[in-house]
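In: Sequence first, predicted coordinates after that:
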Amino acid sequence: MRDAFFQEIIETIKQKPHSKIDISKLKLKLCAKHKIKRVPTDIEILLNADDEDVPKLKKSLMTKPTRSISGVAVVAIMCRPHKCPHGKCNICPGGVGSHFGDVPQSYTGNEPATMRALRHNFDPYLQVFNRLEQYIVTGHIPDKVELIIMGGTFPSTNRNYQKGFVKLALKAMNDFSGLFFKKKTIDIPKFKDFFELPGAVGDELRIKSIQRKLEKIKDRPKASLEKEQTRNETAKIKCVGLTVETRPDYGRLKHGNFALELGATRVELGIESVFDDVLAKMERGHDVNEAVKSIRELKDLGFKLNFHYMLGLPGSSPWRDLEGLKKLFDNPDFRPDMLKIYPCMVLKGTKLYNLWKKGKYHPLTTGHAAKIICEFKQSVPKYNRIMRIQRDIPTFQTEAGVDRTNLRQYVSELCEKNRIKCRCIRCREVGRAKYLGKVSITVEQYEASKGQEFFIAAEDTRNDVLVGFARLRFPSKPRRKEITKESAIIRELHVYG
C-alpha cells in the first residue's frame, strides 16, 4: 500500500509544480485511497523517489525539513553497562549479569533507547548517527541537539572512557553535518545512498552494512574531545545541551567540575526520596544530606538540575509520598529546575520482587499514583518543569505497580476533572496555548541551596502563557576561580517557538 502511495504521488508531482496546500490535499487523498493511517512527510516522499526525479520534486516538496516544535532535538544515548559504585538498590533491575542480561543499570533492555544502544553495542558514534538518521527520515532537521547520556551513574566510570564517549558523540554530529548537508540543505541522494533507503528499520543486513561504513570513518582522522568541541561550534548540527545522569554521591564538586570539561549543561540527579529511612530501606547507599550538598554544589557550578523522585518506595505511604513531593519546593535545600516522577514498579530479579512475593511490599496502584501526582500539581511553582511521569519501561516487563504507560495522560484527565491547574513550565509553554496576548517580563526571586535564584520570564500573565525564560543564580559561594562573590550565573536561557 505504501509503495503504491509513493509511486502515485511522485508521478503526480513530477507532472507539474504543486503548492504546499495542493501537496497536503494530495497526501490526504492518496492516504485514504491506499489506506495509509499516518501521512508521510515530504522527506519520506523524496527518499522513495529515484535520484533523477529528486530535483523536479524539490520544486514542490520541502528542501529543508522542519524542526521539532520545541526547536531542540533530543538524542538519548546509553553508555556501556557497568556496576553501580555502591552495589545495587533493592528496587533496581538491569546491570551487568542481571535477570535481563547485561543491560544498563535500572533498565530492562526493552526501552527504545536501550534497544538502540544494544543494536549498536553501546557505541556512541553509531547511536548518534542512527538517531540523527531517524530525525531526517521523519521530516525534522536536528540542527540543535540536546544530548542525553543515560545508562546509570556516568560520572562513576573511568574518566578516559567519559571523555572518549562524549568525543565520539560530538564527532558523529560533526561528521553527519559534513557528509549530508550542502549549504544548510540536506543532500537527499547522498543521504539515501549512505543509509540504503528506502529500507526496513529492523533490517539486520542493512543495519550491519551501515555500521561497517561508520566504523571506517569513526576514527578518521584521529580526534580529541577538545577538537570535536571546537568543530561542533560551526557544524550544521550543534550540541546545545549535554545531560549526564548521576547519584548525589557522584554529583559532588569534583564530579561537577569534570562534567563541565565534557561540556555538560544539565545533571539528572537521582535523589529518589527526601526521607532517610526510605533511602535506607531501598538500600540507596547515601542519605538526604548527601543529596543536599550535591544539589548546592552543582547549582553553584551553573548546572540545570532535573531531579528523579520515586513514589511508593518501601517504607513510604501515599500521604508521605505527597509530603515528600511538596517538600521538594517548600524546603529551599531542594527546589529543582525540572522533575521526573517515577512510581516504583516491581520487576523480576530485584530484592523488591522477593519482598512482594512474600507479601511484605505493596506497590502503588495506578489510581493512587495518579491522585498523588494530581494533588501535588497544585503546589508546583512556575519555575519548575515536570519532565516526565512514569518510567519508559514496557508494562509487560513489570510484575506489579502502575499498569499504564500513559500515566501522564491519566493524571491530566484527573486534573481537568477536578479543575486542578498545573503551572509548571511544560503546561504553560506557548506551543500548547490557545491564545497569546500581551507579553511582559516578570521576575520571581527565591532562595535555593543557600543561593539566590531569579526566574526571569517573558509571559502573557493574563492567559498564563510562557514564551521564554532565564534562570539567574547568585551562588552560595564561589566554586571556581572564574566565579567571584559578585558573580551571577545564567544557568538556563530558553525561548519557545
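Out: Received it, and whenever you're ready, just let me know what you need.
In: Check which helices and strands the helix-or-strand element of the chain with minimal mean pLDDT sits against.
Out: When the helices and strands of the chain are compared on mean pLDDT, DSSP states H and E, helix 54-58 comes out lowest with a mean of 78. Counting contacts by 3 or more CB pairs under 8 Å, 6 or more residues apart in numbering; DSSP states H and E, helix 54-58 is packed against helix 2-15, helix 42-47, helix 188-195. Placement of C-beta: from N, CA and C, glycine included.
In: Highest mean neighbour count out of those?
Out: For those, the largest average neighbour count (mean count of other CB atoms under 10 Å) is found in helix 42-47, namely a mean of 22.
In: Please identify the buried residues of the least confident helix or strand of the chain?
Out: Neighbour-count burial for helix 54-58, counted by 16 or more other CB atoms under 10 Å, picks out 54, 56-58.
In: Quick check: what element follows it along the chain?
Out: Per DSSP states H and E, the first helix or strand lying C-terminal to helix 54-58 is strand 73-78.
In: what mean pLDDT does that following strand have?
Out: Per-residue pLDDT over strand 73-78 has a mean of 95.
In: What strands line up against it, and which way round?
Out: strand 144-150 (parallel) (DSSP bridges).
In: Give me the contacts around the strand it pairs with.
Out: With CB atoms under 8 Å, 6 or more residues apart in numbering as the test, strand 144-150 has contacts from 67, 71-79, 104, 107, 113, 128, 165-166, 169, 173, 237-245, 268.
In: run the last query once more with 6 Å
Out: Strand 144-150 is contacted by residues 72-76, 78, 169, 238-245 when judged by CB atoms under 6 Å, 6 or more residues apart in numbering.
In: so residue 132 sits right up against residue 176, yeah?
Out: Yes - counting by CB atoms under 6 Å, residue 132 does reach residue 176; the two are 5.1 Å apart.
In: Distance-wise, check residue 444 relative to residue 260.
Out: Going from residue 444 to residue 260 by CB to CB, to the nearest Å gives 27 Å.
In: would JSON lines of the helices and strands packed on helix 54-58 with distance to residue 403 be doable?
Out: Conversion of the helices and strands packed on helix 54-58 to JSON lines gives the following (distance: least, CB to CB, whole Å):
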{"stretch": "helix 2-15", "distance to residue 403": "34"}
{"stretch": "helix 42-47", "distance to residue 403": "35"}
{"stretch": "helix 188-195", "distance to residue 403": "38"}
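In: Got the phi and psi for the closest residue to residue 302 other than its chain neighbours?
Out: Spatial nearest neighbour of residue 302, chain neighbours left out: residue 489 (4.4 Å); criterion: CB to CB, 6 or more residues apart in numbering. Residue 489 has phi and psi values of phi -110, psi 130 when expressed as degrees, to the nearest 10.
In: what about residue 489, how many neighbours?
Out: Residue 489 has 17 neighbours, counted by other CB atoms under 10 Å.
In: Please pick the buried ones from the contacts of strand 144-150.
Out: With burial judged by 16+ other CB under 10 Å, the buried subset of those is 72-76, 78, 169, 238-239, 241-245.
In: quick one on the thing from earlier: could the helices and strands packed on helix 54-58 go into TSV alongside mean pLDDT?
Out: TSV is the format used below for these (pLDDT from 0 to 100):
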stretch	mean pLDDT
helix 2-15	87
helix 42-47	83
helix 188-195	91
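In: For residue 458, find the nearest of those helices.
Out: helix 42-47 (32.3 Å; CB to CB).
In: next one: the closest one to chain centre, how far?
Out: Centroid displacement of helix 42-47 relative to its chain, using CA atoms, centre = their mean, to the nearest Å, is 26 Å.
In: who's in contact with it?
Out: Contacting residues not belonging to helix 42-47 are listed as 54, 57, 61-62, 65, 139, 188, 192, 197-198 [CB under 6 Å, 6+ apart].
In: With stretch 244-261 instead?
Out: 149-150, 153-156, 264, 268-270, 286, 290-291, 294, 297-298, 301.
In: now the end-to-end length of that stretch.
Out: 13 Å (CA to CA, to the nearest Å).
In: For residue 460, see how far away the closest residue to residue 377 other than its chain neighbours is.
Out: Spatial nearest neighbour of residue 377, excluding adjacent residues (CB to CB, 6+ apart): residue 422 at 4.1 Å. Computed with CB to CB, the distance linking residue 422 and residue 460 is 17 Å.
In: okay, those two: which has more neighbours?
Out: Using other CB under 10 Å, the more surrounded residue of residue 422 and residue 460 is residue 422, with 21 against 18.
In: Could you check the angle whichever strand or helix holds residue 174 makes with strand 73-78?
Out: Here residue 174 sits within helix 159-180, counting by DSSP H and E. Note on geometry: by axes from the mean of the first three to the mean of the last three CA atoms, to 10 degrees, helix 159-180 and strand 73-78 are set 140 degrees apart in direction.
In: show me where pLDDT drops low in the stretch 51-200 of the chain?
Out: For the stretch 51-200 of the chain, applying pLDDT under 70 flags the ranges 62-70.
In: wait, isn't residue 276 in contact with residue 287?
Out: Yes - look at residue 276 against residue 287 with CB under 6 Å: they come within range, at 5.1 Å.
In: Which of the buried residues of helix 54-58 lies at the shortest distance from residue 202?
Out: Nearest to residue 202 among these, with distances taken as CB to CB, is residue 54, at 26.0 Å.
In: Now do the contacts for that closest one.
Out: Here residue 54 is in contact with 46, 188 (criterion: CB under 6 Å, 6+ apart).
In: State the distance from it to residue 236.
Out: Residue 54 is 20 Å from residue 236, by CB to CB.
In: Check residue 89 too.
Out: For residue 89, the distance to residue 236 - CB to CB - is 41 Å.
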